[in-house]
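Visitor: sequence unknown, structure follows:
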């Protein structure tokens, strides 16, 4: 049986019982989807892929190796989107010689990482068919 409920408007009181019920129902849906997806990701390596130091050239993370990547930015290089549809996370740590990361191959990019030594950045990458999105999130 499917429960029907009204989605509260942004102007509704966030402390109301209706708003709380909506949030609880949303949380249950998310948990259900996460459980459903657990079985779908078994063929994808769960371990983090460490790429060591990247100081020149091009770097293209491969979802077939892992959906979690770690790289040290120690020089200017290009980050390229994966060639297959996927979602993955890439943590960049700026080394002492961190350089500019070129991202012009992505369809859309939000944010720009700096080159300050020791700074950490999460690059969330989504590729769907021929469209790619890169989002930079500061972790410091």
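Guide: Great, that's in hand. Worth saying up front: this structure is predicted, and the values here are computed from it rather than measured. Numbers count the residues shown, from 1 in each chain.

Visitor: What pairs with the strand or helix carrying residue 136, parallel or antiparallel?
Guide: Element membership for residue 136, per DSSP states H and E: strand 131-138. Using DSSP bridges, strand 131-138 pairs in its sheet with strand 108-110 (parallel), strand 120-128 (antiparallel).

Visitor: got the domain boundaries for the chain?
Guide: 14-42, 49-138 (automatic domain parsing).

Visitor: Tell me which of the strands paired with strand 131-138 approaches residue 59 most closely.
Guide: The closest of those to residue 59 is strand 120-128. By CB to CB, the value is 10.6 Å. Where you see a C-beta, it was placed from the backbone N, CA and C, and this is true even at glycine.

Visitor: low pLDDT regions in the protein?
Guide: 1-49, 51 (pLDDT under 70).

Visitor: Name all residues that make contact with the nearest residue to residue 80 once chain neighbours are set aside.
Guide: Excluding the flanking residues, the one nearest residue 80 by CB to CB, 6 or more residues apart in numbering is residue 60, at 4.1 Å. Counting by CB atoms under 8 Å, 6 or more residues apart in numbering, residue 60 touches 79-83.

Visitor: Backbone dihedrals for residue 60, please?
Guide: Per-residue torsions, residue 60: phi -130, psi 110 (degrees, to the nearest 10).

Visitor: Can you list the buried residues in stretch 50-57?
Guide: For stretch 50-57, burial by neighbour count (16 or more other CB atoms under 10 Å) applies to residue 54.

Visitor: Relative to residue 60, how far out is the nearest residue to residue 100 once chain neighbours are set aside?
Guide: Excluding the flanking residues, the one nearest residue 100 by CB to CB, 6+ apart is residue 76, at 4.9 Å. Using CB to CB, to the nearest Å, residue 76 is found at 16 Å from residue 60.
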